[in-house]
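Q: After the sequence you'll find the predicted model.
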Amino acid sequence: MKLFQLHSKQSLPITLEEAWTFLSDPSNLKVITPDQMGFHILNGAEREMFPGQIIQYKVSPFAGITTKWVTEITHVKEGEYFVDEQRFGPYALWHHKHFIRPISGGVEMEDIIDYKLPYGILGQLAQSLLVKKQLETIFKYREKKLEEIFGHMKDTSNELSIISI
């Protein structure tokens, strides 16, 4: 079983409360997802985030391909972190940890996604040819969008990496 991990860090000049309010609102995921992904929340995002919350999406990861994606919010520690896990969707495994911590002049957001693709060797080939690049594009878009909304911090470097684990 080949697992992959996406690791992203970004610093923003906002308070912990501002970061938590924005990031813990599932409806804001559409705001920070590229339009070409055709991302639409079907249901489950009407309430404030809570453990056990099921959220259903429709997404077009590649032109002409639309799929449903169902995630569950499995853990929430207000103001610090939350975890979402795919229940149904395009991945064989998707476990996404979102951490927020105060730093001098703002907050640091950290995302760690452990994922596995279906279809064995074909999935691994898709990782090399398509998926890794698509995830990098999505997270770079997210970084730019969050900077547009909240500004950016001087003297910080944002990080993004995808590795095989």
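A: Yep, that arrived.
Q: Just the CA atoms of the lowest-mean-pLDDT helix or strand in the chain, as PDB, please.
A: Lowest on mean pLDDT, DSSP states H and E among the helices and strands of the chain sits helix 120-126, with a mean of 89. Provided in PDB are the C-alpha atoms of helix 120-126 (Å, rounded to 0.1, in the frame of the first residue of the first chain):
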ATOM      1  CA  GLY A 120      -3.000   0.000  -7.300                       C
ATOM      2  CA  ILE A 121      -0.300   0.700  -9.800                       C
ATOM      3  CA  LEU A 122      -2.700   2.800 -11.900                       C
ATOM      4  CA  GLY A 123      -3.400   5.000  -8.900                       C
ATOM      5  CA  GLN A 124       0.400   5.400  -8.300                       C
ATOM      6  CA  LEU A 125       0.800   6.400 -12.000                       C
ATOM      7  CA  ALA A 126      -2.000   8.900 -11.600                       C
END
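Q: And the contacts of the helix or strand following it?
A: For helix 120-126, the following helix or strand on the C-terminal side (DSSP states H and E) is helix 132-150. Contact partners of helix 132-150, identified using Cβ atoms under 8 Å, 6 or more residues apart in numbering, comprise 4, 6, 8, 10, 12-14, 18, 22, 31-34, 37, 61-62, 109, 111, 113, 158, 160, 162. (Each C-beta comes from the backbone N, C-alpha and C, glycine too.)
Q: try 6 Å this time
A: Around helix 132-150, the neighbours that count as contacts under Cβ atoms under 6 Å, 6 or more residues apart in numbering are 6, 8, 10, 12, 14, 32, 34, 158, 160, 162.
Q: which of the residues in it are buried?
A: Within helix 132-150, the residues scored as buried using 16 or more other Cβ atoms under 10 Å are 132, 134-135, 138-139, 141-143, 146-147, 150.
Q: what mean pLDDT does that helix have?
A: Here helix 132-150 scores 95 as its mean pLDDT.
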